[in-house]
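# Curious how this folds, go ahead:
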Amino acid sequence: MRNAVVVIPTYNEIENIERLIRNIFSLQREFDILVVDDRSPDGTAAAVNALATEYGGKLFLMEREGKLGLGTAYISGFKWALERDYQFIFEMDADFSHNPNDLIRLYNACNREAYDVAIGSRYIKGVNVVNWPMSRVLLSWLASKYVRLITGMPVQDTTAGFICYKRAVLEKINLDKIQFVGYAFQIEMKFKAYLAKFKITEVPVIFTDRTRGDSKMSTGIISEAVFGVLKMKFNSLFGTNNFNEI
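Numbering: from 1, shown residues only. Presented below is the predicted three-dimensional model:
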């Protein structure tokens, strides 16, 4: 078993998943992969199962009952990883918006540079987003500024979903108490790591919007993020951070 696993949630990613898996397994550093599929009707899970015969012992599939939300997919994957001996646990999109080559840079930030959380950041060095309309770039950038203002987190890309966590971070955060399932999940995880005083760094990456498959963005997800931040800050002020005892 490798000491690092990449958790990849999927829903209708048949156009991307095989290419992504092969790309990750071609890297110089070895990673295991856990695909968490929400019963994709397009055959994503079947494609992963077919590849599992080729990549025995490195590729794993978790099939869930249906479309239950991004946050719960990651939490299920994190718990699976914590039941095993992985020391570095990644989250990553399935649509190639995150460059697989950057996995090594995130890994090195946590392994060599002793950070606890390494964020693949679109905004730490300017705005590094490809194929998004200006309106969406502005919305995302302003959302991160808003989160920084409310929470006080020294993180430029607060909604980023390309992250390496050291095992200790996920052991500290009470995953059963994570409240949000959409993009607010990303903010909540960073906020709790920040409140627990883990060392967080941002590694500059180029985010490229998907060219295959359909986006999962919705107005409900955006609303959850906007109002969820206020709720998280309120809870933190009154000591309800939902951390495990150490």
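# V5 in helix, strand or coil?
What DSSP: H, G, I helix; E, B strand; the rest coil gives for V5 is strand.
# Report the mean confidence score over stretch 64-77.
Mean pLDDT, stretch 64-77: 92.
# Show residues contacting that stretch.
Defining contact as Cβ atoms under 8 Å, 6 or more residues apart in numbering, one finds that stretch 64-77 is touched by 7, 9, 11, 34, 36-39, 62, 91, 161, 175, 178, 180-185, 188, 216. For glycine as for every other residue, the C-beta is placed from the backbone atoms N, C-alpha and C.
# E91: neighbour count?
24 (other Cβ atoms under 10 Å).
# who are the neighbours in contact with it?
Residues in contact with E91, defined by Cβ under 8 Å, 6+ apart, are 6-7, 74, 77, 161-163, 165.
# Identify those among the contacts of stretch 64-77 that sit within strands.
Secondary structure from DSSP state E places 7, 9, 34, 36-37, 62, 91 of those in strands.
# And the furthest pair within these?
Pairwise distances across the ones in strands among the contacts of stretch 64-77 (Cβ to Cβ) peak at 15.0 Å, for the pair D37 and E91.
# Low-confidence stretches in this structure?
Low-confidence segments of the chain (pLDDT under 70): 1, 126, 131-132, 210-226, 230, 234, 238-246.
# swap the cut-off to 80 and go again
By pLDDT under 80, the weakly predicted segments of the chain are 1, 126-141, 143-144, 181-183, 209-246.
# Strands along that one, start to end?
4-10, 32-37, 59-63, 88-91, 117-121, 129-130, 163-166, 200-204, 207-208.
# For L142, grab the count of nearby residues.
Quick note: L142 (other Cβ under 10 Å) scores 10 neighbours.
# got it, and L175?
L175 - counted by other Cβ under 10 Å - has 20 other residues nearby.
# Repeat that for I119.
Per other Cβ under 10 Å, the neighbour tally for I119 reads 28.
# which residues touch it?
Neighbours of I119 in contact, by Cβ under 8 Å, 6+ apart: 155, 157, 160, 162-163, 190, 200-203.
# circling back to that earlier point, of the contacts of stretch 64-77, grab the buried ones for ChimeraX.
A single ChimeraX command selects the buried members of these (16 or more other Cβ atoms under 10 Å):
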select :7,9,11,34,36,37,38,62,91,161,175,178,180,181,182,183,184,185,188,216
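# Y86: what's it in contact with?
Neighbours of Y86 in contact, by Cβ under 8 Å, 6+ apart: 1-5, 32, 167.
# Can you say which of those are buried?
For the contacts of Y86, buried by 16+ other Cβ under 10 Å: 2, 4-5, 32, 167.
# Take the residues you listed and write them to CSV, including distance to L142.
Putting those into CSV (distance: Cβ to Cβ, whole Å) gives the following:
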residue, distance to L142
R2, 38
A4, 33
V5, 33
D32, 37
R167, 34
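# Which stretches in this protein count as helices?
Counting by DSSP state H, the chain has these helices, from start to end: 17-25, 44-52, 70-82, 102-111, 134-151, 167-172, 184-195, 219-237.
# Compute the number of surrounding residues for A52.
17.
# Pretty sure it sits against F60.
Yes. The pair A52 and F60 passes the contact test of Cβ atoms under 8 Å, sitting 7.5 Å apart.
# returning to what we had before: for the strands of the chain, give me TSV that also has distance to P100.
Converted to TSV, the strands of the chain look like this (distance: least, Cβ to Cβ, whole Å):
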stretch	distance to P100
strand 4-10	9
strand 32-37	10
strand 59-63	14
strand 88-91	10
strand 117-121	11
strand 129-130	16
strand 163-166	13
strand 200-204	14
strand 207-208	12
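# so which of those comes closest to V137?
Across these, V137 has its closest neighbour in strand 129-130 (5.3 Å, Cβ to Cβ).
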